[in-house]
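Engineer: Quick one: sequence plus predicted model below, questions after.
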Amino acid sequence: MTGSIPANVPHDRIVDVDVYLPPEIENLGFHRAWAKVQAGRPAVVWSPRNEGHWIALSGEAIQQIQTDPDRFSSRVIVLPKSVGEQHGLIPTTIDPPEHRPYRALLNARLNPATVRGLDQTIRATAVDLIEGFIGEGHCNFTTQYSEIFPVRVFLAMVDLPEADAPTIRHWAACMTRPGMPMTFEEAKQAFFDYLGPVVDERSAHPADDMLSQMITADMDGRRLDRDEAVRLCTQVLIAGVDTVVNILGFIMAELAADKGLRQQLIAMGDALTPAVNELFRRFGLVTISREVRHDTEFHGVSLKAGDMICTPTQLHGLDPAQNDDPLAIDFTRRRARHSGFGSGPHMCPGQELARKEVAITLREWLARIPDFALGEDADLSPVPGIVGALRRVTLSWDK
């Protein structure tokens, strides 16, 4: 799908880039393909793909857009715009100050103290999965670990059946990836139909789970109405079943190919915070967008009200102006700059949980399987979509 070139777009800023499948991604891989798009180009360019939109390529521009809701609105965050206008989930499509009470509901349930209290549950889940296949000498990491581990943890937090995980992940994929069997609107409606009765039940009979707590919480003197609760819970489920699943695949594929990195992580013991931050920098995943609120000059171009501008957050961490030798993984890197969790008012509220899940996976895996390699049947081809992913990560090791 392509769009016509508006009069405000200089010809030297036009690039033919599909943000869901950038050029050479099949040969270079997700991150190196994006780094090549970024290299030698201006901070902001225009693509005729996906109905036509701007793309921020520099880390500086990406962070400026995410932290400036007065110029760049979250009303539409998905490309193409005709699809993004159907989104309407909260709080991701609401700007400050209206979004703050909704965001407070999430912050209160995903704060560092709460996540610390989940440590043993997360660890037990990781150990149970690893011990289940360690004796085989190989595994499909994608289906036997990464698609199960964070989803099991999250579904326990919201008290939904683990048996529903494949269906929930399918709906989420249909809302974040092109070419899926369900349209964006159909998948969103499936979430609404699924969560409507859950909201009704927990509103009438709240328990200790995260959804009950949000639905019944005081929000500036009132509770969420049913529509708000369904839209908020839908956003929570989508966020909880996708991002960590996919970054774990990238991380483990890299570690399988680099014994030196594995040895460094083992030597760190429990002090993995700098390493985890570096891995989130190197393997940023999310390609999100903003709508221009009013005519404005930005990095040498004239943006018009209603224009869409895409912020591939992975490019912040890969920008050599932000991080020296950005494609290298350096656990001693100081102040690794990235937007792996976004920036500004919509910074990911689940970042503490994501860091914890990755750190525990690394610790428990390497304690049991310090040496491993990619399996012969691994398929590291990219899966196009808003969230970057590898198709199939298989691993092997000596029994």
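Structural biologist: Looks like it arrived, so ask away. Residues are numbered from 1 along each chain as shown.

Engineer: now the strands for the protein?
Structural biologist: 44-47, 53-56, 72-73, 138-140, 287-292, 296-298, 301-303, 308-312, 373-374, 379-382, 390-392, 394-396 (DSSP state E).

Engineer: Residue 183: neighbouring residues, count only.
Structural biologist: Per other CB atoms under 10 Å, the neighbour tally for residue 183 reads 13. Just so you know, the C-beta spots here come from the backbone N, C-alpha and C atoms, and that holds for glycine as well.

Engineer: one step back: make TSV from the strands of the chain and add distance to residue 155 and mean neighbour count to it.
Structural biologist: Output for the strands of the chain, formatted as TSV (distance: least, CB to CB, whole Å; neighbours: other CB atoms under 10 Å):
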stretch	distance to residue 155	mean neighbour count
strand 44-47	37	22
strand 53-56	34	26
strand 72-73	32	22
strand 138-140	21	19
strand 287-292	24	23
strand 296-298	41	15
strand 301-303	41	18
strand 308-312	29	25
strand 373-374	29	16
strand 379-382	27	15
strand 390-392	23	17
strand 394-396	25	21
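
Engineer: got JSON lines for those strands, with mean pLDDT and distance to residue 212 too?
Structural biologist: JSON lines is the format used below for the strands of the chain (pLDDT from 0 to 100; distance: least, CB to CB, whole Å):
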{"stretch": "strand 44-47", "mean pLDDT": "98", "distance to residue 212": "43"}
{"stretch": "strand 53-56", "mean pLDDT": "98", "distance to residue 212": "39"}
{"stretch": "strand 72-73", "mean pLDDT": "98", "distance to residue 212": "31"}
{"stretch": "strand 138-140", "mean pLDDT": "98", "distance to residue 212": "35"}
{"stretch": "strand 287-292", "mean pLDDT": "97", "distance to residue 212": "29"}
{"stretch": "strand 296-298", "mean pLDDT": "98", "distance to residue 212": "43"}
{"stretch": "strand 301-303", "mean pLDDT": "98", "distance to residue 212": "42"}
{"stretch": "strand 308-312", "mean pLDDT": "98", "distance to residue 212": "34"}
{"stretch": "strand 373-374", "mean pLDDT": "98", "distance to residue 212": "42"}
{"stretch": "strand 379-382", "mean pLDDT": "95", "distance to residue 212": "38"}
{"stretch": "strand 390-392", "mean pLDDT": "96", "distance to residue 212": "35"}
{"stretch": "strand 394-396", "mean pLDDT": "98", "distance to residue 212": "38"}
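
Engineer: of all those, which lies closest to residue 221?
Structural biologist: strand 72-73 (26.5 Å; CB to CB).

Engineer: Near the residue nearest to residue 69 when sequence neighbours are not counted, how many other residues are there?
Structural biologist: Excluding its sequence neighbours, the residue lying closest to residue 69 (CB to CB, 6 or more residues apart in numbering) is residue 95, at 4.7 Å. Residue neighbour count, defined by other CB under 10 Å, stands at 19 for residue 95.

Engineer: just to revisit the earlier point, mind giving me a markdown table with the strands of the chain and columns for distance to residue 280?
Structural biologist: A markdown table is the format used below for these (distance: least, CB to CB, whole Å):
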| stretch | distance to residue 280 |
| --- | --- |
| strand 44-47 | 25 |
| strand 53-56 | 19 |
| strand 72-73 | 23 |
| strand 138-140 | 24 |
| strand 287-292 | 16 |
| strand 296-298 | 27 |
| strand 301-303 | 29 |
| strand 308-312 | 15 |
| strand 373-374 | 22 |
| strand 379-382 | 19 |
| strand 390-392 | 16 |
| strand 394-396 | 21 |
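
Engineer: who wins for proximity to residue 87 among these?
Structural biologist: That would be, of the strands of the chain and by CB to CB, strand 287-292, which comes in at 10.4 Å.

Engineer: Okay, angle between the closest one and strand 308-312 too, please.
Structural biologist: For strand 287-292 against strand 308-312, the angle by axes from the mean of the first three to the mean of the last three CA atoms, to 10 degrees is 150 degrees.

Engineer: Now tell me what touches strand 287-292 from outside.
Structural biologist: 19-20, 53, 65-66, 71-79, 81, 84, 303-314, 342, 386-388 (CB atoms under 8 Å, 6 or more residues apart in numbering).
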